[in-house]
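> Next come a sequence and a model predicted from it.
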Amino acid sequence: MNRKNGQSTTEKELVWFITGCSTGFGHELAKQTLEHGYPTVVTARNVEDIKDLAADPHSFALKLDVTDRDQAEKAVKAAIDKFGRIDVLVNNAGIGYFAAVEESEEDEVRKMFDVNVFGLSRMIHLALPGMRKHRSGCIVNISSLAGICTMPSLGYYNATKFAVEGLSGALAKEVEPLGIKVMVVEPSGFRTDWAGRSADESKHQIDDYGPTAGEARQHLRAISGKQAGDPVRAAQAIIEAVESGSPPHHLLLGNQSYDGAMAKLKELKQDFTAVEKIARGADFPPAEIELQKQAAGLYSVNKRAAVKDRRAS
């Protein structure tokens, strides 16, 4: 059973597995799942960073770098050996990188994709067999408002989060008939370490991008630790969504996230409406398509008649 303040909240106790628990959302979410009494696998690249979480009797602390396939396989196996299953996989581990697209260094971009996209997908691949076996489970992918709206200096970070959005959408359609839920979380600015030590930036910066990517990068650094988003409230919202049994496909977190997403919807509608005539004009004319269908149908009828005639003769 799930426990909150000593009270049962559902009939089944949920086993949580959370990546990237050393700081930010991962640490706060793990702290709160443990306070609820949930068995929680807490992971970090350095287990010394999660000593406080490891001290809780409901926790199972493991060393995990999601870019290390061997570590990931061992961590999932250990979790299942310990608790029998994983009910909620939270893919929280992620890093940022600030640079104009032209300034971006390929090795840094690849490192970010390895964590934000391929590390996330690796954990999904490893957790899904058990969830399919039990015909239940919930996968929570931590994306970002940057997976919906773009911003100068975050081009490749945007790309990783757009990838998470696309992967999550397809995954939901594949696994929900099997009793497995997928929720993608899209926070705006929260008081985590994302814009601090967790984010690198390009070593070589181009003056021409100073007013765009440069200013955006400075702004992100300047507001680090002062953002409006509260990680405690965000963690509570994630837990409540999972506990509901019917989590939304998209969980926007923060006023900026909601307002930004709605503004993006309006922008897309305007863009799409402006090119409607062009879009619709790219198909064959309806009359021509109908003639093609009729011709294909007549060909099929004639072909069947010819076969029938041959058999009769």
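Yes, it's here.
> For residue 202, list the residues it contacts.
Applying CB atoms under 8 Å, 6 or more residues apart in numbering, we find residue 202 in contact with 97, 98, 99, 100, 103, 104, 105, 108. For every residue, glycine as well, the C-beta is placed using N, CA and C.
> quick one, phi psi at it?
phi -60, psi 140 (degrees, to the nearest 10).
> Going through the contacts of residue 202, which ones are buried?
97, 98, 99, 100, 103, 104, 105, 108 (16 or more other CB atoms under 10 Å).
> which of those sit farthest apart?
Farthest-apart pair in these is 100 and 108; separation 12.8 Å (CB to CB).
> List just the nearest of the buried ones among the contacts of residue 202 to residue 174.
Nearest to residue 174 among the buried ones among the contacts of residue 202, counting by CB to CB, is residue 97 at 29.8 Å.
> Tell me if I'm right that the closest one and residue 158 touch.
No. Residue 97 lies out of contact with residue 158 (CB atoms under 8 Å); the separation is 10.6 Å.
> Take the buried ones among the contacts of residue 202 and write them to CSV, including distance to residue 13, pLDDT and secondary structure.
Output for the buried ones among the contacts of residue 202, formatted as CSV (distance: CB to CB, whole Å; pLDDT from 0 to 100; DSSP: H, G, I helix; E, B strand; the rest coil):
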residue, distance to residue 13, pLDDT, secondary structure
97, 38, 92, strand
98, 41, 92, strand
99, 44, 95, strand
100, 48, 96, coil
103, 48, 96, coil
104, 44, 96, coil
105, 45, 96, coil
108, 41, 96, helix
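> and the end-to-end length of stretch 82-93?
In stretch 82-93, first residue to last residue: 22 Å (CA to CA, to the nearest Å).
> from the chain's centre, how far out does it sit?
Mean-position distance between stretch 82-93 and its chain equals 15 Å (CA atoms, centre = their mean, to the nearest Å).
> likewise stretch 154-174?
6 Å.
> what's the average pLDDT for it?
What stretch 154-174 shows for mean pLDDT is 98.
> Restricting to C-alpha, output that stretch in CSV.
C-alpha atoms of stretch 154-174 as CSV (Å, rounded to 0.1, in the frame of the first residue of the first chain):
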residue,chain,number,x,y,z
LEU,A,154,19.8,26.4,-26.1
GLY,A,155,19.5,25.0,-29.7
TYR,A,156,21.1,21.6,-29.0
TYR,A,157,19.5,21.4,-25.5
ASN,A,158,16.2,22.1,-27.3
ALA,A,159,17.0,19.3,-29.7
THR,A,160,17.5,16.8,-26.8
LYS,A,161,14.2,17.7,-25.2
PHE,A,162,12.3,17.7,-28.5
ALA,A,163,13.7,14.2,-28.9
VAL,A,164,12.4,13.2,-25.5
GLU,A,165,9.0,14.6,-26.5
GLY,A,166,8.8,12.7,-29.7
LEU,A,167,10.0,9.5,-28.1
SER,A,168,7.6,9.8,-25.2
GLY,A,169,4.6,10.4,-27.6
ALA,A,170,5.3,7.3,-29.7
LEU,A,171,6.1,5.2,-26.6
ALA,A,172,2.7,6.2,-25.0
LYS,A,173,0.8,4.9,-28.0
GLU,A,174,2.8,1.6,-28.0
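> Show me which residues of stretch 52-59 are buried.
Buried-residue list, stretch 52-59, by 16+ other CB under 10 Å: 53, 54, 56, 58, 59.
> what sits up against that stretch?
By CB under 8 Å, 6+ apart, stretch 52-59 touches 21, 27, 30-31, 34, 37-42, 47, 61.
> switch to 6 Å and redo it
30, 34, 39, 40, 42, 61 (CB atoms under 6 Å, 6 or more residues apart in numbering).
> all strands for the stretch 101-250 of the chain, in order.
137-142, 180-187, 199-201, 250-253 (DSSP state E, counting those that start in this stretch).
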